[in-house]
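Chemist: okay, predicted coordinates and the sequence, questions at the end:
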Amino acid sequence: MSRENVEIMRRVYDAWNRGDLDKVLEFMDDDVEVVRLVELGYHGHNGVRRWWHDLREAFPDWQAEPVEIREMDDVTLATLRVSGRGGGSGVLVDQTLRHAVHWREGKIVRLSTFYDEHAALEALGLRE
């Protein structure tokens with residue numbers, strides 16, 4: 001299933017970048033949890049909609065381009081280049097983030113964001 005999860009992740013990021021939130025939600029469990037860096041940010045499809053709105057409000061042109069997606073059983077670790085220009089400030093953000101994604105029956109059940117790979121692997125109970 002993990003190779004399939006990598007392909008699903010690519011489709012999720014593609015839909016996200018096209019602005020197709022409904023398509024993104026098709027790949028997420030109804031009870032999905034989204035953890036933004038250190039805090040539990042959003043829960044369920046309505047929470048993902050709030051996350052989408054909050055992010056698009058701050059960065060209307062936000063893009064997440066996968067650099068690498070690694071498979072690890074029921075978890076995928078995506079290294080992303082994310083970028084966007086602040087809606088109010090015009091400040092450009094261009095950085096690397098990691099998404100650790102937990103899967104159950106072909107659906108995303110938890111998506112956690114990390115600044116560095118070491119922290120992501122540690123949170124997953126894995127070593128580099």
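Modeler: Right, received. Where do you want to start?

Chemist: I figured Ala100 hits Met72, correct?
Modeler: No - with contacts counted by Cβ atoms under 8 Å, Ala100 stays clear of Met72, the gap being 9.2 Å. From N, CA and C alone the C-beta is placed, and that goes for glycine too.

Chemist: spell out which residues are contacts of both of these two.
Modeler: Residues within reach of Ala100 and of Met72 at once, by Cβ atoms under 8 Å, 6 or more residues apart in numbering, are Leu124.

Chemist: and the residue nearest to the spatial centre of the chain, what element?
Modeler: Residue closest to the average C-alpha location in the chain (Cα atoms, centre = their mean): His99, at 5.0 Å. Secondary-structure assignment from DSSP states H and E places His99 in strand 92-104.

Chemist: ok, now Ser112?
Modeler: strand 107-114.

Chemist: what strands flank that strand, and is each parallel or antiparallel?
Modeler: Counting by DSSP bridges, the strands paired with strand 107-114 are strand 28-36 (parallel), strand 92-104 (antiparallel).

Chemist: would you map the strands across the protein?
Modeler: In the chain, the strands defined using DSSP state E lie at 28-36, 39-43, 63-72, 75-85, 92-104, 107-114.
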